[in-house]
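Student: Kindly return the folded structure for what I paste below:
(2 chains)
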2 protein chains.
Amino acid sequence: MSAQPVSGPTAETAETAVSTVSTESAGPGVSTVDRSVGVTAPRGFRAAGIAAGIKESGNPDLALVVNDGPSDVAAGVFTENKVKAAPVLWSRQVLRQQRSRAVVLNSGGANACTGPEGFQDAHATAEKVAEVLGIGAIDVVVCSTGLIGERLPMPAVLSGVDSAAAALGDAAEDGLAAAVAVMTTDTRPKQAALRDPSGWTVGGMGKGAGMMAPSLATMLVVLTTDAVVEPETADAALRAASRVTFDRLDIDGSMSTNDTVLLLASGASGVRPSQEELAAALTAVSADLAAQMQADAEGVTKEITITVTGAASEADALTVARWVARDNLVKTALFGSDPNWGRIAAAAGAAPAELDPDRLDVTINGVLLCEGGAKAAERSAADLSGRHVTVHIGLGLGGGEATVLTTDLSHGYVEENSAYSS
Amino acid sequence: MSAQPVSGPTAETAETAVSTVSTESAGPGVSTVDRSVGVTAPRGFRAAGIAAGIKESGNPDLALVVNDGPSDVAAGVFTENKVKAAPVLWSRQVLRQQRSRAVVLNSGGANACTGPEGFQDAHATAEKVAEVLGIGAIDVVVCSTGLIGERLPMPAVLSGVDSAAAALGDAAEDGLAAAVAVMTTDTRPKQAALRDPSGWTVGGMGKGAGMMAPSLATMLVVLTTDAVVEPETADAALRAASRVTFDRLDIDGSMSTNDTVLLLASGASGVRPSQEELAAALTAVSADLAAQMQADAEGVTKEITITVTGAASEADALTVARWVARDNLVKTALFGSDPNWGRIAAAAGAAPAELDPDRLDVTINGVLLCEGGAKAAERSAADLSGRHVTVHIGLGLGGGEATVLTTDLSHGYVEENSAYSS
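Tutor: Residues are numbered from 1 along each chain as shown, chains lettered A, B, ... in the order given. Here you go, the predicted model:
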């Protein structure tokens, strides 16, 4: 880019934040996630992010990511909410053919609960993108995030598509501009990329927090790769990666109407990884994006990792971890830096999973506080003064284990979610 | 009472609060719930509440309710948490015989996650009550509330039983003293009674908020009646009443290790109501106690009633109502007096219940804001400035309906639950 460069305080914050982690860039032959680049890291992709006037603030609010091929394989994972936003209904149709050439994303409005007119708006947006790119509307995925129940300002959206198309570029700054344009309550753009030594790359950008159980901030993620991938491989690898990353980020247990995780594969590297190799790279980039979402969640003062081991099954481990992650009494205690393991035990015992109270162990930040369902050490032995808290719950029943990322319940969370409509 | 009168600011607050509602006393032949009396309203019961020194504050912390008969029929409902406090494990054994002569309750410690020693403490407390009253330990129900994971100070508990037994009385003030002694984060004691024109009475006291899904403040309830009741009738009527009252108070979705709802029947009136009559009276008193718990929930600034109609079944209606009641984004929006029906629609759509997004109606404080899944009026048409908020969700599928009471998620909630261990 850029005819319409990203500007203003949001973009400045963005570039500062990204530059602080750019030292993580991968050296030759080393596969390290690199946050200095995103969706344009793989070959065959262009991106743009511009201010279309959808947001009253005038901040960037429309992003475009284009796959120039040669391949146009695509896969997607969508919210399981029965109340699905119009762009989700549209994009599920697009992805049914397992191909897509472009994705257009807007912040400033969810286009959810907007009836048939809202669906027509999503369709019209896809038509407009198709027109300016010379492709078919059915090749265009649409994503939206923002307030539910209000129509989008379509003149702004449609002219924004023109501006974004004119700003498309394949540089790192173009990918970053797209990541900035999808921010809502996010304070930082979120992107990551991983280069495989054999010559193919996965890139990605995201906003919000939590798939299947996201915060108010709908989770939108676009992953790109220049690997050569069959549609079935793309779908399976994306689902495998999402299942253990975005699916296990649980900020407040709420589920958005708009969540979308998308994978676009250009094949431009000419390299064909195995499904396992692709899934591993997608998982690495997705895990990094999920960690960025956790770190930037609304009102977060503690980044909490909850691991359950010894469960009768992985499903049981995940259920117990989710129950604890969503428990407001646990979340407020951790906000108060209080290692209140009794609330953790109570939340675990309330989960619909197999649990023997006499085998329950709870360890907080490495200190075993509860063993066999009773006190093992004074709570003061665990130091929760830092930002990172690890909770380990041992069930002593079997080999099932799972980890969920969450955050605390703070005054900041209440403030952000009560003072503004979103 | 009272050798050890209730005193201090807690008791003063209590009596002021109660006096403000004593005008609700039932006139002759009118069955109105009366909050000026509680567990000693029916004949055949004595009660006491004293300061045993369990709480560091010196506030009242031990209550005793005694059924002098002639009948000793009893029934109980307990937490469904798999992690059950020692007094719950003990009291379930007591209630298996469907009879009880006395219940001893303490605040200042939950006696949960305390291992075999904690169970022995509960047993020893029952033995002590049995000794001073000249009954069997198996006739004594034990209830505790407070911090999980710490042993009770047993010398204080046991000498407190002596003091409470010496203070037992059948006056209104004795029932109130018992209600005061079980308070934890409650700011007001909670009691109610209903006199049936045919000559029998139901009384009750409670503390905390929420059965099966209670707040940090464990819910303990003791209901008394002088009706003549068979054990099976008592059990069925208690379950019927709890199911539509305490079970549908859902403050934060958390589930305590200690919840107990108990019914003691003395038969002293000589009147034998039908099961339906008994259930109706228990439901009236329980609904009033539940409303008092809602009004006094931690950090409450809004008392929210969520009603779902048109569901495929009552179970589905309850599931949707609970999902909305527990959604932190809904609760924070209502704290902010924001009629954000989009968050309500999203929470309803996430519930595991049958739902057609195109038939979804949402009405807030009487204003239809969402009809058929899309906007029906500007949100500003609904005024949420008052303390009471009613949310009506219409699913348009069938005849199932249910109502859940909840509260908002406020700074006060976060403060109470993060600044203090409880």
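
Student: helices and strands around the helix or strand harbouring A:Ala317, which ones?
Tutor: In this assignment (DSSP states H and E), A:Ala317 forms part of helix A:314-326. With contacts defined as 3 or more Cβ pairs under 8 Å, 6 or more residues apart in numbering or on different chains; DSSP states H and E, the packing partners of helix A:314-326 are strand A:303-311, helix A:341-350, strand A:388-394, strand A:400-407. Yep, even glycine has a C-beta here, placed from its N, CA and C like the rest.

Student: Just name the most buried of these.
Tutor: helix A:341-350 (a mean of 28; mean count of other Cβ atoms under 10 Å in any protein chain shown).

Student: contacting residues around it?
Tutor: With contacts defined as Cβ atoms under 8 Å, 6 or more residues apart in numbering or on different chains, helix A:341-350 is touched by A:308, A:320, A:323-324, A:327, A:329-330, A:333, A:355, A:357, A:360, A:362, A:364, A:369-370, A:373, A:379, A:391, A:393, B:80-84, B:110, B:112-113, B:147-149, B:216, B:254-257.

Student: Look at A:Ser163 and say how many residues are nearby.
Tutor: When neighbours are counted by other Cβ atoms under 10 Å in any protein chain shown, A:Ser163 registers 18.

Student: Now it: which helix or strand?
Tutor: Assigning secondary structure by DSSP H and E places A:Ser163 in helix A:154-167.

Student: Give me the helices and strands touching the following helix or strand past that helix, please.
Tutor: Helices and strands here follow DSSP H and E; after helix A:154-167, the next one along the chain is helix A:172-181. The elements that helix A:172-181 packs onto, with contact taken as 3+ Cβ pairs under 8 Å, 6+ apart, are helix A:8-21, strand A:45-50, strand A:62-67, strand A:190-195, strand A:201-207.

Student: now helix A:172-181 and strand A:45-50, what's the angle there?
Tutor: Between the axes of helix A:172-181 and strand A:45-50, defined by axes from the mean of the first three to the mean of the last three Cα atoms, to 10 degrees, the angle is 50 degrees.

Student: Between the two ends of stretch A:354-372, what distance do you get?
Tutor: Counting by Cα to Cα, to the nearest Å, you get 15 Å between the two ends of stretch A:354-372.

Student: pretty sure A:Asn340 contacts A:Ala333?
Tutor: Yes - distance between A:Asn340 and A:Ala333: 4.0 Å, which falls inside the contact criterion (Cβ atoms under 8 Å).

Student: wait, what's in contact with A:Leu105?
Tutor: A:Leu105 sits next to A:62-65, A:142-145, A:178, A:181-182, A:220, A:222 when contact means Cβ under 8 Å, 6+ apart.

Student: ah, wrong one, I meant A:Thr390
Tutor: When contacts are taken as Cβ under 8 Å, 6+ apart, A:Thr390 is in contact with A:304-305, A:307, A:364-366.

Student: if we can go back for a sec, does chain B sit close to the helix holding A:Ser163?
Tutor: No - under the criterion of Cβ under 8 Å from any Cβ of the partner chain, chain B is not reached by helix A:154-167; the shortest gap measures 15.8 Å.

Student: and that helix, which residues are buried?
Tutor: By neighbour count, and taking 16 or more other Cβ atoms under 10 Å in any protein chain shown as the criterion, the buried residues in helix A:154-167 are A:156-158, A:160-161, A:163-165, A:167.

Student: Likewise for stretch A:357-375?
Tutor: Along stretch A:357-375, the positions that meet the burial threshold by neighbour count (16+ other Cβ under 10 Å) are A:357, A:360-365, A:367-375.

Student: Of those residues, which are in range of chain B?
Tutor: Of the entries in the buried residues of stretch A:357-375, the ones placed beside chain B under the rule of Cβ under 8 Å from any Cβ are A:357, A:360, A:370, A:372-375.

Student: so how far is B:Trp90 from A:Ala345?
Tutor: Plainly put, A:Ala345 is 19 Å away from B:Trp90 if you go by Cβ to Cβ, to the nearest Å.

Student: Check the helices and strands packed on helix A:172-181 for me: which has the lowest mean pLDDT.
Tutor: Ranked by mean pLDDT, the helices and strands packed on helix A:172-181 end with helix A:8-21 at the bottom, a mean of 34.

Student: And A:Gly412, what's its pLDDT?
Tutor: A:Gly412 carries a pLDDT score of 87 in this model.

Student: what separates it from chain B, distance-wise?
Tutor: Using Cβ to the nearest Cβ, to the nearest Å, one gets 9 Å for the distance from A:Gly412 to chain B.

Student: Would you agree that residue falls within a strand?
Tutor: No - the secondary structure assignment for A:Gly412 gives helix rather than a strand, going by DSSP: H, G, I helix; E, B strand; the rest coil.

Student: show me the contacts for it.
Tutor: The neighbours of A:Gly412, taking Cβ under 8 Å, 6+ apart as the test, are A:298-301.

Student: Most neighbours of all those, which one?
Tutor: Neighbour counts for the contacts of A:Gly412, by other Cβ under 10 Å, peak at A:Glu298, which reaches 26 neighbours.

Student: Just the CA atoms of the helix or strand harbouring A:Gln93, as CSV, please.
Tutor: Mapping A:Gln93 onto the secondary structure by DSSP H and E places it in helix A:86-96. Extracted C-alpha coordinates of helix A:86-96, given in CSV (Å, rounded to 0.1, in the frame of the first residue of the first chain):
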residue,chain,number,x,y,z
ALA,A,86,-25.6,-12.6,7.8
PRO,A,87,-21.9,-12.8,6.7
VAL,A,88,-21.5,-16.2,8.4
LEU,A,89,-24.6,-17.4,6.5
TRP,A,90,-23.1,-16.1,3.2
SER,A,91,-19.6,-17.3,3.8
ARG,A,92,-20.7,-20.9,4.7
GLN,A,93,-22.2,-21.0,1.2
VAL,A,94,-18.9,-19.8,-0.3
LEU,A,95,-16.8,-22.3,1.6
ARG,A,96,-19.1,-25.2,0.6
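
Student: Pairing partners for the next helix or strand after that helix, with directions?
Tutor: The helix or strand immediately downstream of helix A:86-96 is strand A:102-106, counting by DSSP H and E. Strand A:102-106 has the following strand partners under DSSP bridges: strand A:62-67 (antiparallel), strand A:140-144 (parallel).

Student: got TSV for those strands, with mean neighbour count and distance to B:Thr403 too?
Tutor: Output for the strands paired with strand A:102-106, formatted as TSV (neighbours: other Cβ atoms under 10 Å in any protein chain shown; distance: least, Cβ to Cβ, whole Å):
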stretch	mean neighbour count	distance to B:Thr403
strand A:62-67	29	43
strand A:140-144	29	34
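
Student: Nearest to B:Val271 among these would be which one?
Tutor: B:Val271 lies closest to strand A:140-144 among these, at 64.5 Å (Cβ to Cβ).

Student: So for that closest one, mean pLDDT?
Tutor: For strand A:140-144, the mean per-residue pLDDT is 97.

Student: how big is the angle separating it from strand A:201-207?
Tutor: Here strand A:140-144 runs at 40 degrees with respect to strand A:201-207, directions being taken by the same axes, to 10 degrees.

Student: Show me the shaky parts of the stretch 201-350 of chain A.
Tutor: For the stretch 201-350 of chain A, applying pLDDT under 70 flags the ranges A:209-217.

Student: near chain B, which residues of it?
Tutor: Selection of the stretch 201-350 of chain A residues close to chain B by Cβ under 8 Å from any Cβ yields A:215-216, A:252-257, A:326-329, A:332-333, A:335-336, A:338, A:340-343, A:345-350.

Student: So for whichever residue of the stretch 301-422 of chain A sits closest to chain B, what's the nearest residue that isn't a sequence neighbour?
Tutor: Closest approach of the stretch 301-422 of chain A to chain B (Cβ to the nearest Cβ) occurs at A:Gly342, with a separation of 2.6 Å. Nearest residue to A:Gly342, sequence neighbours excluded (Cβ to Cβ, 6 or more residues apart in numbering or on different chains): B:Ile148, at 2.6 Å.
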